[in-house]
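Trainee: A structural model of the following input is requested.
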Amino acid sequence: MRFDAAVLRSYESRFAVEEVVLNAGPVDGEVLVRIAGSGMCGTDLAVRRSAGRSPLPAVLGHEGAGVVVETGGPNTGLGTGDHVVLSFDSCGDCRSCLGGAPAYCDSFAALNLFGGRAEQAARFTDAAGRPLAPRWFGQSSFAEYALVSARNAVRVDPALPVELLGPLGCGFLTGAGTVLNTFGVRPGDTVLVLGAGSVGLAAVMAATAAGATTVAVERHPERLLLAERFGAIPLPAGSADLPGRVRRLTDGGARYALDTTASAPLINDALRALCPTGHLALVARLHAPLPIEPGGLDRGRRISHVCEGDSVPGLLVPRLVGLWRAGRFPFDELVRTYPLGDIDAAERDVQAGRVVKPVLVP
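Mentor: Alright, predicted model coming up:
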């Protein structure tokens, strides 16, 4: 099967939309999906900074959504014509998967970071027959089609605008999931969100929907305005005595804080802004040692790293769709669509902060 995909051939080059070849269709437990839209996430672009750890050439994209066109065997739980949101892959058999924590799958790195499943070797090539890296996050959805494990496909109502739903599988899932799953935010709680990109703004929306008082910290004024529109108290990054201001705004300190920035100074500010026994969650990968300043981890405060919002996609994606339909999770207001051929323009716009969530439409 031949179709178009955006291929990244080197860490410095632009994406190139070119013909690729899928040399075999879905086997048992897999489905072939015609992609209607795929969100561009910071994790996709971080491949450029991976210092050779990510094999290229590759087709990126891990926030895909579309329509099932073929199933492999009777055990996928999906049928031709089903509309699906694609999320991360997991093995389904390890202790974490069996315990309802697929984001901490023993094989997460192998299945999602170009390792792929052993049985998938050599099935994906360019038009000249040269191999492309195995499926990125089980998808490689910057393409017209994606071959995926049925485990990372979540069926959704075909009445929904499927081309907009892909970011529910990762970026929005991570922000909202940290609030709803990790923190279990309830009415009256207080939440501090550091960074108002797609993950942070999804967290703001989820916290507002849960009835929490939310403070958002961001350096871009236009994103602070978005956070305020979605229910947060805006606070510019770099404000003098940030922890003190947060404590005053939250009547003694935030119960929960979510950092999307990986900034050591902001992380330390967040710790000092927590109330006693407060919880700070980090969702961004740290690229340098994190020095914790004195006083940050006293009085029962704690810090943890959260992957994929501690989510089971098959449970959280429908919940977020329900909140959206009720007008309480307006993620579509963060989305701007681009033709797949304009992927480089989408990358420039997201890097410059001109768009929160680009979605590429083949």
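
Trainee: which stretches of the stretch 251-362 of the chain form strands?
Mentor: Along the stretch 251-362 of the chain, counting by DSSP state E, counting those that start in this stretch, strands occupy 254-259, 274-282, 302-305, 335-339, 357-361.

Trainee: actually the stretch 101-250 of the chain, not the one I wrote
Mentor: 124-126, 145-149, 153-156, 190-194, 213-218, 233-236.

Trainee: among those strands, which is the most enclosed?
Mentor: Among the strands of the stretch 101-250 of the chain, ranked by average contacts under mean count of other C-beta atoms under 10 Å, first place goes to strand 190-194 (a mean of 29). Using the backbone N, CA and C atoms, a C-beta is placed for each residue, glycine as well.

Trainee: who are the neighbours of that one, in terms of helices and strands?
Mentor: In terms of contact count using 3 or more C-beta pairs under 8 Å, 6 or more residues apart in numbering; DSSP states H and E, strand 190-194 is assigned the packing partners helix 198-209, strand 213-218, strand 254-259, helix 264-273.

Trainee: Just the mean pLDDT for it, thanks.
Mentor: Averaged over strand 190-194, pLDDT sits at 98.

Trainee: quick thing: my sequence starts at 3, can you match it?
Mentor: Yep, numbering from 3; the last one is strand 192-196 now.

Trainee: Tell me what angle that strand forms with helix 200-211.
Mentor: With axes from the mean of the first three to the mean of the last three C-alpha atoms, to 10 degrees as the basis, strand 192-196 and helix 200-211 are set at 170 degrees to each other.

Trainee: Okay, now the sheet partners of strand 192-196, with direction.
Mentor: Counting by DSSP bridges, the strands paired with strand 192-196 are strand 215-220 (parallel), strand 256-261 (parallel).

Trainee: gap between that strand and the chain center?
Mentor: In this view, strand 192-196 has its centroid 18 Å away from the chain centroid, taken as C-alpha atoms, centre = their mean, to the nearest Å.

Trainee: Check the offset of stretch 35-44 from the chain's centre.
Mentor: Using C-alpha atoms, centre = their mean, the distance between the centre of stretch 35-44 and that of its chain works out at 12 Å.

Trainee: before we move on, what about stretch 320-336?
Mentor: Taking C-alpha atoms, centre = their mean, the mean C-alpha location of stretch 320-336 is offset from the chain mean by 16 Å.

Trainee: Could you list the low-pLDDT ranges of the stretch 253-364 of the chain?
Mentor: Filtered on pLDDT under 70, the stretch 253-364 of the chain yields no residues whatsoever.

Trainee: quick one on the thing from earlier: could you point out which of the strands of the stretch 103-252 of the chain sits nearest Leu34?
Mentor: strand 147-151 (5.4 Å; C-beta to C-beta).

Trainee: ok so, going back, would you list the strands of the stretch 103-252 of the chain in a markdown table and tack on distance to Gly246?
Mentor: Conversion of the strands of the stretch 103-252 of the chain to a markdown table gives the following (distance: least, C-beta to C-beta, whole Å):
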| stretch | distance to Gly246 |
| --- | --- |
| strand 126-128 | 53 |
| strand 147-151 | 48 |
| strand 155-158 | 43 |
| strand 192-196 | 13 |
| strand 215-220 | 12 |
| strand 235-238 | 11 |
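
Trainee: follow-up on the earlier one: which one of the strands of the stretch 253-364 of the chain is the most hemmed in?
Mentor: For these, the highest mean count by mean count of other C-beta under 10 Å goes to strand 256-261, at a mean of 27.

Trainee: mind listing the helices in the stretch 3-152 of the chain by residue range?
Mentor: For the stretch 3-152 of the chain, the helices identified by DSSP state H, counting those that start in this stretch occupy 44-47, 97-100, 110-114, in order along the chain.

Trainee: Let's see the second one as PDB, backbone CA atoms only.
Mentor: To tie it back to what came earlier, the one meant is helix 97-100. Taking C-alpha atoms only, helix 97-100 is exported to PDB below (Å, rounded to 0.1, in the frame of the first residue of the first chain):
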ATOM      1  CA  ARG A  97       2.200  -5.600  35.900                       C
ATOM      2  CA  SER A  98       1.500  -1.900  35.100                       C
ATOM      3  CA  CYS A  99      -0.800  -2.600  32.200                       C
ATOM      4  CA  LEU A 100      -2.700  -5.200  34.200                       C
END
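
Trainee: so how far is that helix from its chain's centroid?
Mentor: 21 Å.

Trainee: same thing with the last one?
Mentor: A distance of 15 Å separates the C-alpha centroid of helix 110-114 from that of its chain, computed with C-alpha atoms, centre = their mean.

Trainee: Tell me which residues of it come out buried.
Mentor: Phe110, Ala112, Leu113, Asn114 (16 or more other C-beta atoms under 10 Å).

Trainee: For Cys93, see how far away the second one is.
Mentor: So that's Ala112. Ala112 is 9 Å from Cys93, where distance means C-beta to C-beta, to the nearest Å.

Trainee: Please give me every residue in contact with the closest residue in space to Ser142 that isn't next to it in sequence.
Mentor: Closest residue in space to Ser142, ignoring its immediate chain neighbours: Val61 at 3.9 Å, by C-beta to C-beta, 6 or more residues apart in numbering. Remark: with contacts taken as C-beta atoms under 8 Å, 6 or more residues apart in numbering, Val61 is in contact with Ala7, Ala8, Val9, Leu10, Val22, Phe126, Leu134, Ala135, Trp138, Ser142, Phe144, Ala145.
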